[in-house]
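Chemist: Here is a sequence together with a model predicted from it:
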Amino acid sequence: MTSVIIPEIKNALLNNDVPFPEENAICHAPHFLSGESVLCLGVFISVSAPHSETTKNSLDSSLRQLKCHFTWNLVEGENSLDDFEDRVCNLTEFQNSGFQATMCNILVYIKHCRGQQEAALGCLRQAEEFIQREHADQAEIRSLVTWGNYAWVYYHLGRFSEAQVSVDVKQVCQKYSSPYRIESPEMHCEEGWTRLRCGGNQNERAKVCFEKALEKKPNPEFSSGLAIASYRLDNWPPSQNPVDPLRQAIQLNPDNQYVKVLLALRLQKINKEGEGERSVKEALEKAPLATDVLCGAAKLYRRKGDLDQAIELPRKALKCMPNNTYLHCHIGCYYRAKVLEIQKMGGKREKLQELIGHALDHLKRADESNGNFFHICSCIACLSSQACRYEEAEYYFQKEFSKELPPVAKQVLHLRYCNFQLYQMKCQDKATHHFMTGVKINQESKEREKNVNRLQKFAKIKLSNNGADPKALHLLAFLQELNGEMQPAEKKSERVLDSGNLIPLASLGEE
């Protein structure tokens, strides 16, 4: 679908003595002339308004009708702009070159939220350049969202003459059902990729966007977007059939290697590992340096128990993105899983200390870049205690205690800390206190069950030595009182870090 400048708009502009481009051209102020910038029916037009006062209020209504990042409520429900920016910029998914224009446009909105309007303009110019490279044959229709962002940035800069829609043009646009707004599958697609890039609570809306795009025009890119959104929503909340959209997307676009990895992960979950591994190997052969493919494949090998391969793949991605927080977090957790594996096998202490060192290096780098990951400090603390660095372990435990954590994350923390006090520091009183504190958090979970079991065992051991031990009797009475008060367990899922705060599940449930 394309947009044209209709004759009535052209006449209205000519009445104001504005130079006008060729018939049916789609124009944008930076490439046309410096003057008043207008989005009408998705067309960005440059005009001047020498005979009228431009005001902020006259722009409000028309700007709010534009389909762009400023009207999509992307940060609604976010904990902070910092967390949102970190997730958008550092998640390994969609870091490959095909999504550069989308990324630039998200950065436009982030820069605006930080009050950096001139920097936002720089990102918009970059977005235009990427669109010319990525979609040269569809540059106009693919630029509509970018041009909408231009109008908003000019508005917030107070450059109203570059965003004001003249009354005459507005009256012409109002003949249509949606003034200042055009519906096209490409715009739905851009909104879908944007929302997928933002993750979190945006996935459901992203799926709707791709469904709308496909209703208007079948397209391999739209099918890939729908498949990825469906994959995510199969994790949370469950959906009916996640495999079919992935297979269909691969048939339409066999060059999308990331979707092949998602299919492999889904096949692995339904016990079709052989087909899944073949799909992953093909993706790795055809896209050996794609970060999203490498990290998705690592997840598959982690589930399989091949920790060496799970570590090696994101380490390759790290060469392209050496400061990526999420990569360091994943690698650190995989190393920690390797530590636990070596411990169970009774491996050599030298090898164990080497692996602990690697795990600590990566997890500390992740923590330094983003101090809001749940569990990461307690993971560091547990590894430090295994290396007999008890002061360091205490420091990271207390750092985690200082954070605002959800109920299950608090239970994990109390469980790990009481194990540290009981086994490393030999302090039964502190350990008991934290066992009880973890149990008191009224949310059913595996961690709460572990706390209950540890308290029961602890009490039985004490009673075996002294049948009238007052502390042991107090613990049993405490557990009896709490029995039946537990809330239903939260449904577990393997989210691809979309929450923005959870670190990979390889680090949990191993105490």
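Modeler: The structure has been received and is ready for your questions.

Chemist: is it true that residue 93 lies in a helix?
Modeler: No - assessed with DSSP: H, G, I helix; E, B strand; the rest coil, residue 93 is coil; it does not lie in a helix.

Chemist: residues of stretch 138-151 that come out buried?
Modeler: 140, 141, 142, 143, 144, 145, 146, 147, 148, 149, 150, 151 (16 or more other CB atoms under 10 Å). C-betas here are computed from N, CA, C, even on glycine.

Chemist: For this protein, which segments count as strands?
Modeler: For the chain, the strands defined by DSSP state E cover 36-40, 43-47.

Chemist: average pLDDT across the last one?
Modeler: Meaning strand 43-47. What strand 43-47 shows for mean pLDDT is 40.

Chemist: For residue 202, see how far away residue 189 is.
Modeler: Separation of residue 189 from residue 202 (CB to CB, to the nearest Å): 15 Å.

Chemist: Residue 57 too?
Modeler: For residue 57, the distance to residue 202 - CB to CB - is 31 Å.

Chemist: Between those two, which is the more surrounded one?
Modeler: Legend: neighbour count by other CB atoms under 10 Å for residue 57 and residue 202, higher for residue 202 (24 against 6).

Chemist: mind listing the helices for the stretch 1-150 of the chain?
Modeler: With helices called from DSSP state H, counting those that start in this stretch, the stretch 1-150 of the chain shows them at 7-15, 29-32, 56-64, 81-90, 100-113, 117-134, 139-142, 144-156.

Chemist: Ok, the stretch 201-350 of the chain next?
Modeler: 203-216, 220-235, 243-252, 257-269, 273-286, 291-304, 307-320, 325-345, 349-369.

Chemist: if we can go back for a sec, kindly reformat the buried residues of stretch 138-151 as a markdown table containing distance to residue 206.
Modeler: Putting these into a markdown table (distance: CB to CB, whole Å) gives the following:
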| residue | distance to residue 206 |
| --- | --- |
| 140 | 24 |
| 141 | 20 |
| 142 | 18 |
| 143 | 21 |
| 144 | 18 |
| 145 | 14 |
| 146 | 19 |
| 147 | 22 |
| 148 | 18 |
| 149 | 19 |
| 150 | 24 |
| 151 | 24 |
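
Chemist: Can you tell me how far residue 362 is from residue 440?
Modeler: In terms of CB to CB, residue 362 sits 34 Å off from residue 440.

Chemist: which residues touch the closest residue to residue 222 other than its chain neighbours?
Modeler: Once flanking residues are discounted, residue 222 sits nearest to residue 213: 4.3 Å by CB to CB, 6 or more residues apart in numbering. By CB atoms under 8 Å, 6 or more residues apart in numbering, the contact set of residue 213 is 185, 186, 188, 189, 192, 219, 222, 225.

Chemist: same thing but at 6 Å, please
Modeler: 185, 188, 189, 222 (CB atoms under 6 Å, 6 or more residues apart in numbering).

Chemist: Any chance of a ChimeraX selection covering the buried ones in those residues?
Modeler: Selecting only the buried entries of these in ChimeraX, with 16+ other CB under 10 Å as the criterion:
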select :185,188,189,222
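
Chemist: Among the contacts of residue 213, which lie within helices?
Modeler: 185, 188, 189, 222 (DSSP state H).

Chemist: Identify the farthest-apart pair in those.
Modeler: Across the ones in helices among the contacts of residue 213, the longest distance by CB to CB is 8.0 Å; it joins 188 and 222.
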